[in-house]
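Undergrad: sequence unknown, structure follows:
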């Protein structure tokens, strides 16, 4: 996967978190994920089809997503529930949409499927497309989250 | 979602498990899943696009998937590892493909995205398409697994 395909996902993530939760998500250095053990407590997952195929995931710790969703809703959310899961699905969809819009401007037309949300303490996500799985770590005031993208080419 | 869209997934699951792992998966009665708390230890998830959009998941307990993968590989696998995760991705892909082939014969043309595999003790999967999430419980000699499908229409 070319580096110019990663940056739209990085920018889309920062834009969506800033717009929805009024807070900054500071991106760390993207890396090739070889150890699938890096875990989260809730993940949004979306399949991507079109000129290439792959998947996008975004995994939050419970404290991080509760902070983000509290900001989104304007009320204090202290633990994972179905409203938080819905918000994770929505965030995943918006990041996928934003990134695909930018990629389309570069001539790469992709479609997004419907997101799925997984909850469970410290789970890990493994992407099955043929290319490397690229992870972008983000930090917020209330902890970190990880965006991963993986494409066939 | 119409019941005639569920049966192809039920039949595809039985066919794939029988063909790959030489064992029977006995289907229980499909139900509308309202409580997302039913958990698994490893899940394959795949987005589906085309004339409608949705997602398919298949969630195994660790003992059940180790039995299935031991049968597939012809060697004893006693715990979740990356080979087991790859096999879950492959099983998910095959069930999606088999079911979509049967649906295409009924005039419903769908495409499958690339699967993603989630590992983690007792996680749950939440599908975000607009329709009900239909779950089909299966039992094997070594425990149960759950197939879920959810479409926008």
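TA: Thanks, I have the structure now. Everything numeric in this text was worked out from a predicted model, so none of it was measured.
Undergrad: Next, name the residue at the spatial heart of chain A.
TA: residue A:58 (2.8 Å; Cα atoms, centre = their mean).
Undergrad: contacting residues around that one?
TA: Contacts for residue A:58 (Cβ atoms under 8 Å, 6 or more residues apart in numbering or on different chains) come out as A:13, A:43-44, A:88, A:91-92, A:95, A:145-148. Every C-beta, even on glycine, is put in place using the N, C-alpha and C of the backbone.
Undergrad: Could you do residue A:118 as well?
TA: For residue A:118, the contacting residues are A:42-43, A:45, A:125, B:43, B:45, B:118, B:120, B:123-126, by Cβ under 8 Å, 6+ apart.
Undergrad: swap in residue A:91?
TA: Applying Cβ under 8 Å, 6+ apart, the residues near residue A:91 are A:16-17, A:20, A:44, A:58, A:68.
Undergrad: Just send these back as a markdown table, with distance to residue A:26 and secondary structure too.
TA: Formatted as a markdown table, the contacts of residue A:91 follow (distance: Cβ to Cβ, whole Å; DSSP: H, G, I helix; E, B strand; the rest coil):
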| residue | distance to residue A:26 | secondary structure |
| --- | --- | --- |
| A:16 | 15 | helix |
| A:17 | 10 | helix |
| A:20 | 16 | helix |
| A:44 | 20 | strand |
| A:58 | 15 | strand |
| A:68 | 14 | helix |
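Undergrad: Which strand or helix spans residue A:101?
TA: helix A:82-105 (DSSP states H and E).
Undergrad: Identify the residues contacting residue A:23.
TA: A:17, A:67-68, A:71, A:140-141.
Undergrad: cutoff 10 Å now
TA: Under the criterion of Cβ atoms under 10 Å, 6 or more residues apart in numbering or on different chains, the neighbours of residue A:23 are A:17, A:67-68, A:71-72, A:140-142.
Undergrad: Double-check that it belongs to a helix.
TA: No. Assigned with DSSP: H, G, I helix; E, B strand; the rest coil, residue A:23 falls outside any helix and is coil.
Undergrad: give me phi/psi at it?
TA: When read as degrees, to the nearest 10, the backbone of residue A:23 gives phi -140, psi 160.
Undergrad: Within its local environment, how many residues does residue A:68 see?
TA: Each residue near residue A:68 was counted by other Cβ atoms under 10 Å in any protein chain shown, and the total is 27.
Undergrad: so can I have JSON lines of the contacts of residue A:58 showing pLDDT?
TA: Below are the contacts of residue A:58 laid out as JSON lines (pLDDT from 0 to 100):
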{"residue": "A:13", "pLDDT": "98"}
{"residue": "A:43", "pLDDT": "97"}
{"residue": "A:44", "pLDDT": "97"}
{"residue": "A:88", "pLDDT": "98"}
{"residue": "A:91", "pLDDT": "98"}
{"residue": "A:92", "pLDDT": "98"}
{"residue": "A:95", "pLDDT": "98"}
{"residue": "A:145", "pLDDT": "97"}
{"residue": "A:146", "pLDDT": "96"}
{"residue": "A:147", "pLDDT": "97"}
{"residue": "A:148", "pLDDT": "95"}
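Undergrad: quick one on the thing from earlier: keep only those of the contacts of residue A:23 that are in helices.
TA: A:17, A:67-68, A:71-72 (DSSP state H).
Undergrad: and of the residues you listed, the nearest to chain B?
TA: Chain B lies nearest to residue A:72 out of those, by Cβ to the nearest Cβ, at 16.5 Å.
Undergrad: In this model residue A:94 seems to touch that closest one, though I could be wrong.
TA: No. Between residue A:72 and residue A:94 there is no contact under Cβ atoms under 10 Å: 11.3 Å.
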